[in-house]
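Sequence first, predicted coordinates after that:
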Amino acid sequence: MIKDESTDIFDLNGRIVVITGGLGQLGTQYAVSLHNKGAKVVILDYDTEFDIETSNLNEINDDNFMFISADVTDKESLGNSLNQILDNWGPPYGLINNAALDSPPNADTSENGPFEEYPVASFEKIMDVNVKGVFLCSQIFGNQMAKNGKGSIVNICSTYGILSPDQRIYEYRLDDGNPFYKPVAYSVSKSALLNMTRYLSTYWAKNAVRVNTLTLGGVFNAQDDRFVKNYTAKIPLARMANEYEYNGAVIFLMSDASLYMTGSNLVIDGGFSAW
Ligand SMILES: NC(=O)c1ccc[n+]([C@@H]2O[C@H](COP(=O)([O-])OP(=O)(O)OC[C@H]3O[C@@H](n4cnc5c(N)ncnc54)[C@H](O)[C@@H]3O)[C@@H](O)[C@H]2O)c1
């Protein structure tokens, strides 16, 4: 059978998609691009001060946009969020588990020292949001998708979840007297998502809920020139990603174009993991 190519397999018209951490650098991108493809977008973020009219999301401030202030580590607040979506729109089709805590290269030394001194509290805080948060959101929203007999969950991972960070990238901070080590918790938390994806993809396959990981390389965000130079040297395409360069993958994973994809890991990293 040859599928009729006149239908847009990337069309998201009316599809309800929840983006956790959707007020961040990449979540905002996903919200606008999914909205532009016709999706009804829910941003779930723990920011309580959010005002859409003064935000860079004002361009999608219409009936197809909803903001919910909630914490991904709090099951009750997620249950309330689901009820709010069901009451206003109906069952979600998509969930992008995007909320996470990271340590950018300018982060404080106290939380980013050598492994031997890495604080237990920092480890727990990162695991709580990056792993337990994904578990709870999948439990609440994924369960609803399973009941509804369709859905797509995307777990956002990082190259640092499939490879060890190369700590030499950050050695310039030693020269400044503020040593920085990319923390173990971020890597461990992100790699945990790879098997959460596989587990849930088989568990919910019978309900036609697809679960995939999207693994991203570093995004340019006006970091220190020395960091950008060291990081870029490890990328075959010789540059960091632009913040909009993952939007196509997210549209693909939320659309019928990826209907036969589950349990997979889509890596977009400028070739970082090929070397
Ligand atoms: N930016 C990069 O270079 C890069 C590279 C690889 C992977 N990633 C991944 O992409 C995702 C988004 O990254 P980003 O750069 O946009 O991050 P960001 O820090 O800009 O945004 C993260 C958002 O998550 C929210 N958040 C944090 N904890 C939360 C909680 N408990 N409940 C609800 N919301 C919470 C924050 O308020 C923030 O809006 C993350 O999973 C990150 O690990 C980013």
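Looks like it came in fine. Not measured: the values here are computed from a predicted model. Numbers count the residues shown, from 1 in each chain.

so what's residue 181 up against?
For residue 181, the contact set (Cβ atoms under 8 Å, 6 or more residues apart in numbering) comprises 112-115, 118, 167, 170. All C-beta atoms are positioned from the backbone trio N, CA, C, and that covers glycine.

Narrow the residues you listed to those in strands?
With DSSP state E as the criterion, strands contain none of the contacts of residue 181.

Among those, name the buried ones.
112-113, 118, 170 (16 or more other Cβ atoms under 10 Å).

quick revisit: show me which pair in the contacts of residue 181 is furthest apart.
Spanning the widest gap among these are 118 and 170, at 14.3 Å by Cβ to Cβ.

mind giving me JSON lines with the buried ones among the contacts of residue 181 and columns for pLDDT and distance to residue 157?
As requested, the buried ones among the contacts of residue 181 are arranged in JSON lines below (pLDDT from 0 to 100; distance: Cβ to Cβ, whole Å):
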{"residue": "112", "pLDDT": "88", "distance to residue 157": "20"}
{"residue": "113", "pLDDT": "88", "distance to residue 157": "25"}
{"residue": "118", "pLDDT": "93", "distance to residue 157": "21"}
{"residue": "170", "pLDDT": "95", "distance to residue 157": "20"}
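
Quick check: of those, which lies closest to the ligand?
Of all those, the ligand sits closest to residue 170, with 14.4 Å by Cβ to the nearest ligand atom.

For the nearest residue to the closest one once chain neighbours are set aside, grab the count of nearby residues.
Spatial nearest neighbour of residue 170, excluding adjacent residues (Cβ to Cβ, 6 or more residues apart in numbering): residue 180 at 4.6 Å. For residue 180, the count of nearby residues is 24 (other Cβ atoms under 10 Å).

thought residue 180 was touching residue 112?
Yes: taking Cβ atoms under 8 Å as the definition, residue 180 is a contact partner of residue 112 at 4.8 Å.

Identify the contacts common to the two.
residue 103.

For the stretch 51-200 of the chain, list the residues in contact with the ligand, please.
Contacts of the stretch 51-200 of the chain with the ligand, taken as Cβ under 6 Å from any ligand atom, map to 71-73, 98-102, 129, 133, 156, 158.

where's residue 251 relative to the ligand, distance?
16 Å (Cβ to the nearest ligand atom, to the nearest Å).

In the host helix or strand of residue 127, which residues are buried?
According to DSSP states H and E, residue 127 maps onto helix 120-127. For helix 120-127, burial by neighbour count (16+ other Cβ under 10 Å) applies to 122-123, 126-127.

so after it, what's the next helix or strand?
Once helix 120-127 ends, the next helix or strand along the chain (criterion: DSSP H and E) is helix 133-137.

Give me the residues contacting that next one.
The contact list for helix 133-137 (Cβ under 8 Å, 6+ apart) reads 18, 20, 44, 72-75, 78, 95, 97, 99-100, 155, 193, 196.

from these, which ones fall inside helices?
Cross-referencing the contacts of helix 133-137 against helices under DSSP state H gives 75, 78, 193, 196.

Just the buried ones out of those residues, please.
78, 193, 196.

Relative to residue 273, which of the residues you listed is nearest.
Out of those, the member with the shortest distance to residue 273 (by Cβ to Cβ) is residue 193, at 15.7 Å.

one step back: mind picking the two most distant members of the ones in helices among the contacts of helix 133-137?
The largest separation in the ones in helices among the contacts of helix 133-137, counting by Cβ to Cβ, is between 75 and 193 at 18.6 Å.

Tabulate the buried residues of helix 120-127 (a markdown table), appending pLDDT.
Shown next, in a markdown table, are the buried residues of helix 120-127 (pLDDT from 0 to 100):
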| residue | pLDDT |
| --- | --- |
| 122 | 94 |
| 123 | 95 |
| 126 | 96 |
| 127 | 98 |
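
Tell me which two of these sit farthest apart.
Of all pairs drawn from the buried residues of helix 120-127, the greatest distance, 9.6 Å, lies between 122 and 127 (Cβ to Cβ).

on that earlier part again, between the buried residues of helix 120-127, which is closest to the ligand?
The closest of these to the ligand turns out to be residue 126 (Cβ to the nearest ligand atom; 10.0 Å).

residues near the residue in the stretch 51-200 of the chain that the ligand sits nearest to, how many?
Nearest residue of the stretch 51-200 of the chain to the ligand (Cβ to the nearest ligand atom) works out as residue 100 at 3.2 Å. When neighbours are counted by other Cβ under 10 Å, residue 100 registers 23.
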